[in-house]
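>>> got a structure for you, letters missing:
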């Protein structure tokens, strides 16, 4: 009986121990909540913190489809094979922005003791680049490009370097109000500038690398801008080192809701300067060029704009007008047309998705 009791007692003890271990096995600590994406509101909407860092990131993009027309096929410039076609969805030589394309943009910012450190990177895929600048597919050219800049914004002082729509182009707000912007210098170059803003006044000063242009070396530039409520004025000068010539540009603008107005003047000492205005047909202008533009917001979803340009040497006139409609949030339709003193008409129909 003693042996039997001992066996029963051992079995009971083992069962008790097994029960304790089984209970331990099924009891697990609740997982701590994890915040995978944390909104960063320090730099505006759309930013979020990169996990584990204090850097704020923003990702955006665009998909655009353009159907372009020109009464002179030379306007398109990009027809590497079928240059006689007046209709195309490929890159338009008048304005490289007017083409079927996609863009993906990544912005990163973080605050430091010396100011906001920022970087901007945009990848573009363009259908029908100008012949020779893209990759041949047998019957047309497709191109990809990466544009970028980075710098420090310390308010009154700052610094930016990159390869992008230059600081000069962005400082003067891309010419007029239409997509083509009228007769206006649009350039993508490598550059380095000092820049800043003090109260209502902002400025840029720096240099551009022009060595990717035949016979050019560098350009030096400086410009200032004042913003006073709904009114703005800017003036700047640049110098083509190789051409030994200078050029200047200035504008005044006003916003009288729902109308925006702008008057811009450009001057180039020579027609061979890297800063001289020119058309896709190879005509360059010296002396003065004027641009007058207006835009009216007809409704929260509908707007219309017009730009008129006049060059004095040689004489040339250009009128560009458009109508844009926001179909839904993130989806827009734009119709734009142009006509110049050479009796060349052109335009495009655009469908664009932004996110």
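Great, that's in hand. Bear in mind the structure is a predicted one, so any value in this text is a computation, not a measurement.

>>> where does the stretch 51-200 of the chain have low pLDDT?
Scanning the stretch 51-200 of the chain for pLDDT under 70 picks out the ranges 73-85, 91-98, 128-143.

>>> quick one, helices of the stretch 101-250 of the chain?
167-171 (DSSP state H, counting those that start in this stretch).

>>> at which residues are the strands of it located?
101-112, 115-127, 135-136, 141-153, 158-165, 188-198, 201-209, 218-228, 231-240, 245-256 (DSSP state E, counting those that start in this stretch).

>>> so where's the stretch 251-355 of the chain uncertain?
280-281.

>>> how far does the strand ranked longest in the chain sit from the chain's center?
Secondary structure of the chain per DSSP state E: the longest strand is strand 56-70. How far strand 56-70 lies from its chain's middle: 10 Å, per CA atoms, centre = their mean, to the nearest Å.

>>> how about stretch 260-268?
For stretch 260-268, the distance to the chain centre is 21 Å (CA atoms, centre = their mean).

>>> likewise for stretch 319-326?
19 Å.

>>> got the buried residues for it?
319, 320, 321, 322, 324 (16 or more other CB atoms under 10 Å). C-beta here means a position set from N, CA and C on the backbone, and glycine is covered the same way.

>>> who are the packing partners of the next helix or strand after the longest strand of the chain?
Per DSSP states H and E, strand 56-70 leads on to strand 87-88 as the next helix or strand towards the C-terminus. Secondary-structure packing of strand 87-88 (3 or more CB pairs under 8 Å, 6 or more residues apart in numbering; DSSP states H and E): strand 56-70.

>>> output the contacting helices and strands for the strand it packs on.
Counting by 3+ CB pairs under 8 Å, 6+ apart, strand 56-70 packs on strand 48-49, strand 87-88, strand 101-112, strand 345-354.

>>> need those strands in TSV (columns: distance to residue 181).
Output for the helices and strands packed on strand 56-70, formatted as TSV (distance: least, CB to CB, whole Å):
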stretch	distance to residue 181
strand 48-49	33
strand 87-88	20
strand 101-112	17
strand 345-354	14
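
>>> what's the nearest residue to residue 240 if we skip its chain neighbours?
Spatial nearest neighbour of residue 240, chain neighbours left out: residue 273 (4.4 Å); criterion: CB to CB, 6 or more residues apart in numbering.

>>> residue 60 and residue 164, how far apart?
Residue 60 is 16 Å from residue 164, where distance means CB to CB, to the nearest Å.

>>> so for the two, which sits in the more crowded spot?
Using other CB atoms under 10 Å, the more surrounded residue of residue 60 and residue 164 is residue 164, with 21 against 13.

>>> I figured the more buried one was touching residue 150, is that so?
No. Residue 164 lies out of contact with residue 150 (CB atoms under 8 Å); the separation is 10.1 Å.

>>> which of the three states applies to residue 342?
coil (DSSP: H, G, I helix; E, B strand; the rest coil).

>>> could you measure from it over to residue 72?
Taking CB to CB, one finds residue 342 at 8 Å from residue 72.

>>> check which helix or strand the closest residue in space to residue 341 that isn't next to it in sequence maps to.
Distance criterion CB to CB, 6+ apart; nearest residue to residue 341, sequence neighbours excluded, is residue 317 at 4.1 Å. For residue 317, the host element (DSSP H and E) is strand 316-328.
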